[in-house]
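Q: model this:
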Amino acid sequence: MKVVCFDFDNVIADGNVLEKLSTGSRLRDAELYLELILDSTEPKKFFRVVKKIVSLGKGIVFNDIERWFLRIKPMKGAKPALKALRSSGKKTVIVSTND
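A: As a prediction, the model looks like this:
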């Protein structure tokens, strides 16, 4: 079996999912993203930062998130590429760490 793996943000989807969760402060958002990148090689620190970022979504209504996800546009060529891979018998997976 042959498997092809894609990243989600800016490969399959046009944009970064985490960019939609915002603290309302560009400086604080930048600090969180920098912390995420710098800690990406240390799993414990990385997941601590991810938990901070995920907590930004508290209080958001599920229907709002669902509507937002349905509006995400695929990157140019993503749909035909996935369709061609699947029709040629290859399994496709999408993985995202959002870093």
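
Q: in the lowest-mean-pLDDT helix or strand in the chain, which residues are buried?
A: Scoring the helices and strands of the chain by mean pLDDT, DSSP states H and E places helix 26-38 at the bottom, with a mean of 72. For helix 26-38, a neighbour-count test (16 or more other CB atoms under 10 Å) marks 29, 32-33, 35-36 as buried. From N, CA and C alone the C-beta is placed, and that goes for glycine too.

Q: make JSON lines from those residues and add distance to Val11 to it.
A: JSON lines is the format used below for the buried residues of helix 26-38 (distance: CB to CB, whole Å):
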{"residue": "Asp29", "distance to Val11": "22"}
{"residue": "Leu32", "distance to Val11": "22"}
{"residue": "Tyr33", "distance to Val11": "18"}
{"residue": "Glu35", "distance to Val11": "23"}
{"residue": "Leu36", "distance to Val11": "18"}
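
Q: ok, so of these, who is nearest Lys58?
A: Leu32 (14.7 Å; CB to CB).

Q: what segments of this protein are helices?
A: 26-38, 43-55, 62-70, 78-87 (DSSP state H).

Q: the ones you listed: which one's closest to Phe6?
A: That would be helix 78-87 among the helices of the chain, by CB to CB, at 8.0 Å.

Q: wait, Asp9 touches Ile94, no?
A: No. Between Asp9 and Ile94 there is no contact under CB atoms under 8 Å: 10.1 Å.

Q: more neighbours: which of these two?
A: Asp9 (18 against 14; other CB atoms under 10 Å).

Q: Ser40 and Val54: what is the separation?
A: 16 Å (CB to CB, to the nearest Å).

Q: er, Val61 actually
A: From Val61 to Val54 the distance is 16 Å (CB to CB).

Q: comparing the two, which residue is more hemmed in?
A: Using other CB under 10 Å as the criterion, Val61 and Val54 rank with Val54 on top: 13 against 8.

Q: per-residue confidence at the more buried one?
A: Predicted confidence (pLDDT) for Val54: 74.

Q: over to the one 3 residues further on?
A: With respect to pLDDT, Gly57 has a value of 72.
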